[in-house]
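Undergrad: Take this sequence and fold it.
(one chain, ligands or ions: 1)
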Amino acid sequence: MSDDRLPQLRKVGRVTQLMVEGRPFLVLGGELGNSSASDPAEFGAMYAKLRRMHLNTILLPVYWDRIEPEEGSYDFSLVQAAIEAAREQDLRIVLLWFGTWKNSMSCYAPGWVKRDTARFERVRVRSGEAQEIVSPLSAAALQADIRAFSELMRWLKDFDGAWQTVLMVQVENEIGMIPEPRDHSESAEAAYAAAVPPALLSPLVRRELGPEVTALWRQAGGQTEGTWGEVFGADARGEEIFTAWQFAVYTEAVAAAGKREYALPLFVNAALIRPGYEPGRYPSGGPLPHLIELWRAAAPSLDMLCPDIYFPNFGEWAGRYVRGENPLFIPEMAPSARAAGNAVYAIGQLGALGVAPFAIETTDKEPLIADCYRLLEGISALILECQQKGTVIALSPQVGFDWNVPDRPERGELAGIVFEATFERSGMDAGPQNTVLPTLGVGRWEAPAGTPCGAAMVLQTAPEEFILLGMGAVVTFSPADGQGRIGIEQAQQGRFDPEGRWHGGRWLNGDETHQGRHIDLRGDHWQAQRVRLYRYS
Ligand code: DGJ
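TA: Residues are numbered from 1 along each chain as shown. Take a look at the predicted model:
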C-alpha cells in the first residue's frame, strides 16, 4: 500500500487534519484507563458502550511487558484482540506505546529489562540513588525499544494495513524527568560534561528553537560552543535542555524505526506544569510548549506534540500547543463536567483534529459526553470543512487554574459579525470535587459546582447563515465594523443524523429568542440551531 493511502496528517487550508481513507476525520475519542486494555474478555462490552457514547476512536495502550515477555519473542494476541473488538463496533484505534517510559517511570518495561540494571542503565539522582527509570543514555535500552516498537509496527502493517483500524500511534507516554531535572547516571554525567552537539547548536544559533530556549541560551552568555552547563547554564532550566535533547533523540530513534516499518502518524504526549513548579518537580524535558521547537528539531519523525490537559485552564494549555506548524490533538483530558465544552472549544476554536477524555470507560460524565459527541458526529463533515476554510469559531468560558471563571462574556468574530456568549453557571451540578476517579487520587479533576460547563460553536454555512451548537450558553450578535445592528431573520432547532443530514424541527421565535434578541442554547443538553441573521440600520 502506498503511503498516501495510509492515515496521515495533511495541511488543508488553515489547519492540519487527520486524513483517513483519503478524507478528513475528526477524532471523537476517549482514552482507556491504563489497565483496561489488558483483558480481552472485557473488550466486547466496553467497546459497545463506547460506541453507544458516539465515540469513533479509542486510544488504548500496547504494553511492552505483554508483547515481549521474553527477550526477542513477541506476542501480539492482546493487541489483535483489541483491534478485532474495535472493528466489530466500527471503532478506530489510536495505539499508545507504553515502552521505555510511562509517566516518567519505566514500569511497563518487561521483567528482563527491569531486572538487568547493569545492561539497561538506570537514571540516578544527584546522590547516586537509582530510580525505576531507564536512562535515556542507555544504548541497550534504546536498541531493545527500537526492536520491540519496530516489531509492533511491522505486525500492525501486516495485520491492519488493509483495514486501517489503527489510525495513529503515540510513542512512549508522558516522557519527562523526575525527581530532578536531569539524569546523573555514569553515561549521563559523561554526556553532560561533553560538548553540546552541532545538531542542537546549529538551529540554536539560527534562533530556530523558540523564544524560551533562545532566551535561556542568551542569558547563559550566548556561547556558540561548549558543554551543556556552559551553553545553557548549570541551573535547573539549563539542565532541562540537556534532558529534553536526550529524550527527544531517543524517541526519534524509536519513532523513525517504527515508521520505516509502517508509516502511520506518530506523536508524543506531555504532562504539563503546575504553576510555580521548576524542572524536576514537574516531569522535565518532555514535549512541553517551551520545548516544542527543540523536540521538532531532534525528532522529525514525530508528526505532533500533544498536551494531556487535566488542569482546569484547558483553553490556555491547548492554545500553547497551537505553535508553529504543530497540529493540535488532545490525547488525554480530564473527564470532568467541562470535558464536552472543552472538546467543542478545541475543535471549533483551535482547529484540533480530535480530543480524548481519559478513563472514558468508567467516567460518570457518560451522558454528557455522549450527548455532545452525538451532535459532533453528525456535524463533523461540516466542522472539518469549516476548519479548512476558517469559517468556524467556538466560545467557551476561560477557566483559570484555580477554577476561577472571569465574569465576562466571551467574544469571537466570524463573517463580519461579533458573536458574544454568556454561560450558565447553575445549569448543572458538577458534583463534589475529586469524585471522578477516586482510586487514582490525582487531584482536582472535577469542576466545582457552579462552574459553567457549556460552550458554543458557530459554523458559517452561507453568507448570513450559521449553525450554532452549544450547551448552557446564550449568544448575541453585533456588526464587527460597528455599522448598524444585527437581527435574527430565522432560527430553527434541529439535529444532524449520523450521515450529516440536517433534520429541522421547531422554528424558534418569541420567548424562545427573547423576541429576536438572542439565540438560546441554555440547559443541560447539547443542541443545534440553524440561524439566518441580517443587518439593519
Ligand atoms: C496521565 C497519563 O498519561 C495516563 O496514562 C494516566 O496515568 C493519567 N495521567 C491519570 O492517571
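
Undergrad: So which elements touch the helix ranked longest in the chain?
TA: Longest helix in the chain by number of residues, with DSSP state H as the criterion: helix 236-261. Secondary structure elements in contact with helix 236-261, counted by 3 or more C-beta pairs under 8 Å, 6 or more residues apart in numbering; DSSP states H and E, are strand 92-102, helix 139-160, strand 166-173, helix 186-193, helix 210-219, helix 228-232, strand 266-271, helix 292-298. From N, CA and C alone the C-beta is placed, and that goes for glycine too.

Undergrad: confidence score at W445?
TA: At W445, the model reports a pLDDT of 73.

Undergrad: Doesn't it belong to a helix?
TA: No - counting by DSSP: H, G, I helix; E, B strand; the rest coil, W445 is not found in a helix; it is coil.

Undergrad: quick one: pLDDT of the closest residue to it other than its chain neighbours?
TA: In space, and not counting its chain neighbours, W445 is closest to A334: 4.3 Å by C-beta to C-beta, 6 or more residues apart in numbering. The pLDDT attached to A334 in the predicted structure is 96.

Undergrad: Surely A334 is in contact with I360?
TA: No - assessed by C-beta atoms under 8 Å, A334 is found out of contact with I360, at 11.5 Å.

Undergrad: Count the residues that sit near the closest residue to R126 other than its chain neighbours.
TA: Closest residue in space to R126, ignoring its immediate chain neighbours: H184 at 5.3 Å, by C-beta to C-beta, 6+ apart. The local packing count at H184 equals 17, with neighbours defined by other C-beta atoms under 10 Å.

Undergrad: sec struct for H184, please.
TA: coil.

Undergrad: Look at it and report its pLDDT.
TA: Confidence per residue is given as pLDDT, and for H184 that number is 98.

Undergrad: And for T435?
TA: Confidence score, pLDDT, at T435: 38.

Undergrad: The one 3 residues further on now?
TA: At P438, the pLDDT value in this model is 37.

Undergrad: Below-threshold pLDDT in the stretch 301-450 of the chain: ranges please.
TA: Applying pLDDT under 70 to the stretch 301-450 of the chain picks out residues 426-444.

Undergrad: Now do the helices in it.
TA: In the stretch 301-450 of the chain, the helices defined using DSSP state H, counting those that start in this stretch lie at 314-320, 339-349, 366-389.

Undergrad: which of the ones you listed is buried the deepest?
TA: The highest mean neighbour count among the helices of the stretch 301-450 of the chain belongs to helix 339-349 (a mean of 27), with neighbours defined as mean count of other C-beta atoms under 10 Å.

Undergrad: Just list what it packs against, helices and strands only.
TA: If contacts are counted by 3+ C-beta pairs under 8 Å, 6+ apart, helix 339-349 sits against helix 314-320, strand 330-333, strand 354-357, helix 366-389, strand 392-395, strand 455-462, strand 465-471.

Undergrad: Which residues does the last one contact?
TA: For strand 465-471, the surrounding residues in contact (C-beta atoms under 8 Å, 6 or more residues apart in numbering) are 340-341, 344, 371-372, 375, 379, 382, 414-415, 421, 453-461, 475, 519, 521, 523-533.

Undergrad: quick one on the thing from earlier: mind listing what the residue nearest to W445 touches?
TA: Contacts for A334 (C-beta under 8 Å, 6+ apart) come out as I309, Y310, F311, F314, P357, F358, V436, W445, E446.

Undergrad: And it, how far from N342?
TA: In this structure, A334 lies at 8 Å from N342, with C-beta to C-beta, to the nearest Å as the measure.

Undergrad: Overlap of the contact sets of these two?
TA: Where contact means C-beta under 8 Å, 6+ apart, the residues bridging A334 and N342 through contact with each are I309, F314.

Undergrad: what does the stretch 201-350 of the chain put close to the ligand?
TA: When proximity is defined as C-beta under 6 Å from any ligand atom, the stretch 201-350 of the chain approaches the ligand at D308, E332.

Undergrad: Now L18: phi and psi?
TA: Backbone dihedrals for L18, given as degrees, to the nearest 10, come out at phi -90, psi 120.

Undergrad: Does it touch L9 like I think?
TA: Yes - L18 is in contact with L9 according to C-beta under 8 Å; the separation is 5.9 Å.

Undergrad: Between these two, which contacts overlap?
TA: P265, L353.

Undergrad: of these two, who's got more company?
TA: Looking at L18 and L9 with other C-beta under 10 Å, you find the greater number of neighbours at L18, namely 26 against 18.

Undergrad: show me the contacts for the more buried one.
TA: With contacts defined as C-beta under 8 Å, 6+ apart, the neighbours of L18 are 7-9, 24-27, 167-168, 265, 329, 353-354.

Undergrad: Could you do I486 as well?
TA: Applying C-beta under 8 Å, 6+ apart to I486 gives the contacts I417, F477, S478, P479, L533, Y534, R535, Y536.

Undergrad: Give the pairing partners of the host helix or strand of it; include direction for each.
TA: Applying DSSP states H and E as the criterion places I486 in strand 485-496. If you go by DSSP bridges, strand 485-496 pairs up with strand 502-507 (antiparallel), strand 527-536 (antiparallel).

Undergrad: which one of those strands lies closest to the ligand?
TA: For the ligand, the closest of the strands paired with strand 485-496 is strand 527-536, at 31.4 Å, according to C-beta to the nearest ligand atom.

Undergrad: Now do that closest one against strand 465-471, angle only.
TA: Taking axes from the mean of the first three to the mean of the last three C-alpha atoms, to 10 degrees, one finds strand 527-536 and strand 465-471 inclined to each other by 140 degrees.

Undergrad: Next, the angle helix 366-389 makes with strand 527-536.
TA: Computed with the same axes, to 10 degrees, the direction of strand 527-536 lies at 40 degrees from that of helix 366-389.

Undergrad: CA atoms of strand 527-536 as PDB?
TA: These are the backbone C-alpha positions of strand 527-536, laid out as PDB (Å, rounded to 0.1, in the frame of the first residue of the first chain):
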ATOM      1  CA  GLN A 527     -28.300  21.300  20.800                       C
ATOM      2  CA  ALA A 528     -28.000  22.800  17.400                       C
ATOM      3  CA  GLN A 529     -29.900  25.700  15.700                       C
ATOM      4  CA  ARG A 530     -29.800  26.900  12.100                       C
ATOM      5  CA  VAL A 531     -29.800  30.600  12.200                       C
ATOM      6  CA  ARG A 532     -30.100  33.300   9.500                       C
ATOM      7  CA  LEU A 533     -29.000  36.700  10.600                       C
ATOM      8  CA  TYR A 534     -29.500  40.100   8.800                       C
ATOM      9  CA  ARG A 535     -28.000  43.500   9.200                       C
ATOM     10  CA  TYR A 536     -30.200  46.600   9.600                       C
END
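
Undergrad: Next, count neighbours for the residue in the chain that the ligand sits nearest to.
TA: When C-beta to the nearest ligand atom is the measure, the chain has its nearest residue to the ligand at E174, with 4.3 Å between them. Other residues lying near E174 total 21 when counted by other C-beta under 10 Å.

Undergrad: who's in contact with it?
TA: E174 neighbours (C-beta under 8 Å, 6+ apart): W101, K102, N103, S104, N269, A270, A271, P283, G286, D308.
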